[in-house]
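Visitor: Just a sequence and a predicted model for now, questions to come.
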Amino acid sequence: MDPLCSPVERFIRDLPKVELHVHLEGSMCPPVFLRLAEKHRVPGLPKTPEEVAAYYEFRDFAHFIEVYVASVQVLRDEEDFALLTADVARRLAAQNVRYAELHISLYNHLARGVPASVVFAGVEHGRREAEREHGIRLRWIPDFPGDYGVEAGERTLDAVLADGPPSVVGFGVGGMEVDRTPFRDLYARARAAGLHSLPHAGETGGPQNVWAALEVLGAERIGHGIDSMEDPRLVDHLREHQVPVDVSPTSNLRTRAVADLAEHPLPRMLEAGLTVTLNSDDPPMFGTDLVNEYRTAHALGLDLADLALLARNGVAASYLDAAAKRELVAEIDAALAAAEQR
């Protein structure tokens, strides 16, 4: 049997999904990347699909960050951000993703002289278009690279508070994984303004960064968090307090955060009772998408009920309204029941 026609594949494709850890800029597909690079005549970037594929072969996490920062140079005006958002939303909707919370690398644009008002105007145009054409709902998590320091975070938050639309749901920190403790006051201000605390932590920096995200930044979800499994006390805390952990297996492999996919802690995280959600992070850069992440989870030994649990966890951890959550969970349960009857 063609694996793409298998019962598991059909279930994965039929499964209603949400995605909570995916970067807008990291979701730029090669045709859009090449189109914008040519439009703005950006030097030093790939010029063919083959060159893009080679460009996205990462030596390690630091090299990935270097490529990511170089790639966002192609985004310069409102039209660029609208085009990117509409394209990303279309590809998400084609995977039966109903709702997504996308990180926006806002500081990387501010640092290049692109105003936050331009970024938000563009992504909002694309969001509204996507909701009209595909029915998918999008929300935003502006973030900054932690290794750029507190000043970068303050500048990003100031821009969000000045120009951010109501569709902004949270505030993030990513980049190279440095100590999160210096961002205490910054995150206190973000939370006081009504933004949810949604930092990256425990991807490459160890469980101590997850503790800092929780205790210092008031994190409501942990981006990546795979290093949590190194600390049994942390695992107990995450389980007891039902703190969602947004996991992206292929990303972890491609950035060398894990040496081999077979070693990925996703199955152990579920066995430990953690509230794990499944995500694609930077899909074109890592040669994946959310459907493929569900395939990967199945290849790691998860059965259909486990995959449905991941989907339900995503709904529960999202900032969808209660009625929409109930509707999506009912659809997920119906998809599982139909698959189990086949």
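Guide: Sure thing, it's come through. Residues are numbered from 1 along each chain as shown.
Visitor: Count the residues that sit near the residue lying closest to residue 102 once chain neighbours are set aside.
Guide: Computed as C-beta to C-beta, 6 or more residues apart in numbering, the closest residue to residue 102 that is not its neighbour in sequence is residue 24, at 4.6 Å. Yep, even glycine has a C-beta here, placed from its N, CA and C like the rest. Other residues lying near residue 24 total 27 when counted by other C-beta atoms under 10 Å.
Visitor: I figured residue 24 was touching residue 122, is that so?
Guide: No. At 10.2 Å, residue 24 and residue 122 do not qualify as touching, with contact defined as C-beta atoms under 8 Å.
Visitor: Next, show the common contact partners of the two.
Guide: Jointly contacting residue 24 and residue 122 under the rule C-beta atoms under 8 Å, 6 or more residues apart in numbering are 84-85.
Visitor: What residues of whichever strand or helix holds residue 191 count as buried?
Guide: Taking DSSP states H and E as the criterion, residue 191 maps to helix 184-192. Neighbour-count burial for helix 184-192, counted by 16 or more other C-beta atoms under 10 Å, picks out 186-187, 189-191.
Visitor: Stretch 27-34 now?
Guide: Neighbour-count burial for stretch 27-34, with 16+ other C-beta under 10 Å as criterion, is recorded at 27-30, 32-34.
Visitor: For that stretch, the averaged confidence score.
Guide: Stretch 27-34 shows a mean pLDDT of 92.
Visitor: Skipping adjacent residues, who's closest to residue 131 in space?
Guide: Nearest residue to residue 131, sequence neighbours excluded (C-beta to C-beta, 6+ apart): residue 137, at 6.2 Å.
Visitor: what do you get for residue 53?
Guide: residue 30 (7.7 Å).
Visitor: ditto for residue 262
Guide: Leaving aside its sequence neighbours, residue 262 sits nearest to residue 300 (C-beta to C-beta, 6+ apart; 7.6 Å).
Visitor: Was I right to think the one you found contacts residue 247?
Guide: No. At 10.9 Å, residue 300 does not count as touching residue 247 under the criterion of C-beta under 8 Å.
Visitor: Looking at these two, which one has more neighbours?
Guide: Neighbours per residue, other C-beta under 10 Å: of residue 300 and residue 247, the larger number sits with residue 247, 29 against 18.
Visitor: The buried residues of helix 184-192 into CSV, with extra columns for pLDDT and distance to residue 7?
Guide: Output for the buried residues of helix 184-192, formatted as CSV (pLDDT from 0 to 100; distance: C-beta to C-beta, whole Å):
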residue, pLDDT, distance to residue 7
186, 98, 48
187, 98, 45
189, 98, 50
190, 98, 44
191, 98, 44
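Visitor: Same list, the residues you listed, but as TSV with distance to residue 75 please.
Guide: Shown next, in TSV, are the buried residues of helix 184-192 (distance: C-beta to C-beta, whole Å):
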residue	distance to residue 75
186	25
187	26
189	27
190	24
191	28
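Visitor: And those residues, which is closest to residue 166?
Guide: Comparing those against residue 166 with C-beta to C-beta places residue 190 closest, at 15.6 Å.
Visitor: residues touching the closest one, list them.
Guide: Applying C-beta under 8 Å, 6+ apart, we find residue 190 in contact with 157, 160, 171, 197.
Visitor: now the residue nearest to residue 131: how far from residue 106?
Guide: Distance, residue 137 to residue 106, using C-beta to C-beta, to the nearest Å: 20 Å.
Visitor: Where does the closest residue to residue 333 other than its chain neighbours fall, secondary structure wise?
Guide: Spatially, and ignoring its direct neighbours in sequence, residue 333 is nearest to residue 308 (7.3 Å; C-beta to C-beta, 6+ apart). Using DSSP H and E, residue 308 sits within helix 304-317.
Visitor: Which residue ranges of this protein form strands?
Guide: Using DSSP state E, the strands of the chain run over 17-23, 97-104, 137-145, 170-174, 196-197, 200-201, 222-224, 245-247, 276-278.
Visitor: Go ahead and confirm residue 46 touches residue 34.
Guide: Yes. Using C-beta under 8 Å, residue 46 makes contact with residue 34 at a distance of 7.3 Å.
Visitor: Quick check: neighbours shared by those two?
Guide: residue 52.
Visitor: on that earlier part again, out of the contacts of residue 190, which is most surrounded?
Guide: Counting neighbours by other C-beta under 10 Å, residue 171 leads the contacts of residue 190 with 29 neighbours.
Visitor: ok, the residue nearest to residue 102 - contacts?
Guide: If you count contacts by C-beta under 8 Å, 6+ apart, residue 24 has them with 84-85, 88, 102-105, 123, 140.
Visitor: From residue 35, how far out is residue 263?
Guide: Separation of residue 263 from residue 35 (C-beta to C-beta) stands at 38 Å.
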